[in-house]
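# A predicted structure for the sequence below; I have some questions about it.
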Amino acid sequence: GDSVTQTEGPVTVSESESLIINCTYSATSIAYPNLFWYVRYPGEGLQLLLKVITAGQKGSSRGFEATYNKETTSFHLQKASVQESDSAVYYCALGDHYNQGKLIFGQGTKLSIKP
Amino acid sequence: AQTIHQWPVAEIKAVGSPLSLGCTIKGKSSPNLYWYWQATGGTLQQLFYSITVGQVESVVQLNLSASRPKDDQFILSTEKLLLSHSGFYLCAWRPQGTNERLFFGHGTKLSVL
């Protein structure tokens, strides 16, 4: 079936250190997968962080990057230097390009940044 | 600009009691509407979707029901809560007839005791 697996949290990183949150997907029934990272900051709603619709492309936002790798079925989220304001829950999600209402999420990774 | 409002922000309820969660979209007519849910330690999964007033499709069976009484309103409810209903509920919308992505609300945290 279609599924997403991501780094199990919680994850704690010191400020200004690098971060990687792993995400792998399985898209057996989706012909044209799109990949997303969503973020939920404390007390706020779920926001789109970045989206990539074409394999081999990289998305970036707020210093975060993720590359859609079709060969390894991965979409890892990386940041070179985290800040305290990056503390949040991060969700990797798999979408169907021809049915954007269908989103399959990972379990979320709670990230805490130590000052 | 479109806004999405969910209520309540958080709720603590007893097992067996009724539940009603609401979601309103302003500034967009005839949106597609969705309910998502995440149990503690689980993944976010789609529960219901609706493409028009009065029409709701169930995606996952959880002893919950959803209704769309107005174009801009989506209600999630049950007459009898179970412990397993605890979790985080998210409402989402997207423009109908487009390939636009989903936009999410702030969510409701539900604790069933």
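Alright, I've got the coordinates. Numbering: from 1, shown residues only, chains lettered A, B, ... in the order given.
# ok, and residue 92, which helix or strand is that part of?
Picking chain A for this. Element membership for A:C92 (DSSP states H and E) is strand A:88-96.
# Correction: the question concerned chain B.
strand B:87-94.
# CA atoms only for that strand - export them in PDB, please.
Backbone C-alpha positions of strand B:87-94 (Å, rounded to 0.1, in the frame of the first residue of the first chain) are rendered in PDB as follows:
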ATOM      1  CA  GLY B  87      -6.000  12.500  19.500                       C
ATOM      2  CA  PHE B  88      -5.600  15.500  17.300                       C
ATOM      3  CA  TYR B  89      -8.300  16.400  14.800                       C
ATOM      4  CA  LEU B  90      -7.500  18.600  11.800                       C
ATOM      5  CA  CYS B  91      -9.900  20.200   9.300                       C
ATOM      6  CA  ALA B  92      -8.600  21.000   5.800                       C
ATOM      7  CA  TRP B  93      -9.900  22.600   2.600                       C
ATOM      8  CA  ARG B  94      -8.900  23.100  -0.900                       C
END
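# Now do the contacts for the spatially most central residue of chain B.
Centrality entry for chain B: nearest residue to the mean C-alpha point is B:W35, 3.3 Å, by C-alpha atoms, centre = their mean. With contact set as C-beta atoms under 8 Å, 6 or more residues apart in numbering or on different chains, B:W35 has these partners: B:23, B:46-49, B:66, B:74, B:76, B:89-92. In this view, the C-beta of every residue, glycine as well, is placed from N, C-alpha and C.
# for B:E100, same thing?
A:100, B:94.
# make it 6 Å
Listed by C-beta atoms under 6 Å, 6 or more residues apart in numbering or on different chains, the contact partners of B:E100 are B:R94.
# which regions of chain B lie under the pLDDT threshold?
B:99 (pLDDT under 70).
# how does it look with 90?
Residues of chain B that meet the criterion pLDDT under 90 lie in B:1-3, B:27-29, B:40-44, B:60-62, B:95-103.
# Might you enumerate the residues of it proximal to chain A?
Contact residues, chain B versus chain A (C-beta under 6 Å from any C-beta of the partner chain): B:32, B:43-44, B:49, B:99, B:101, B:104-106.
# could you redo the last one with a cut-off of 10 Å?
B:4, B:6, B:9, B:32-34, B:36, B:38-39, B:41-46, B:49, B:51, B:59, B:88, B:90-96, B:98-107 (C-beta under 10 Å from any C-beta of the partner chain).
# Bridged to residue 50, which residues?
If you meant another chain, say so; for now it's chain A. A:L50 has the following beta-bridge partners by DSSP bridges: A:W37.
# should've been chain B
B:L33.
# where does it sit relative to B:F103, distance-wise?
15 Å (C-beta to C-beta, to the nearest Å).
# Next: A:V89.
In terms of C-beta to C-beta, A:V89 sits 18 Å off from B:F103.
# could the contacts of B:W35 go into a markdown table alongside neighbour count?
Shown next, in a markdown table, are the contacts of B:W35 (neighbours: other C-beta atoms under 10 Å in any protein chain shown):
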| residue | neighbour count |
| --- | --- |
| B:C23 | 25 |
| B:Q46 | 21 |
| B:L47 | 20 |
| B:F48 | 23 |
| B:Y49 | 22 |
| B:A66 | 21 |
| B:F74 | 29 |
| B:L76 | 24 |
| B:Y89 | 23 |
| B:L90 | 26 |
| B:C91 | 28 |
| B:A92 | 26 |
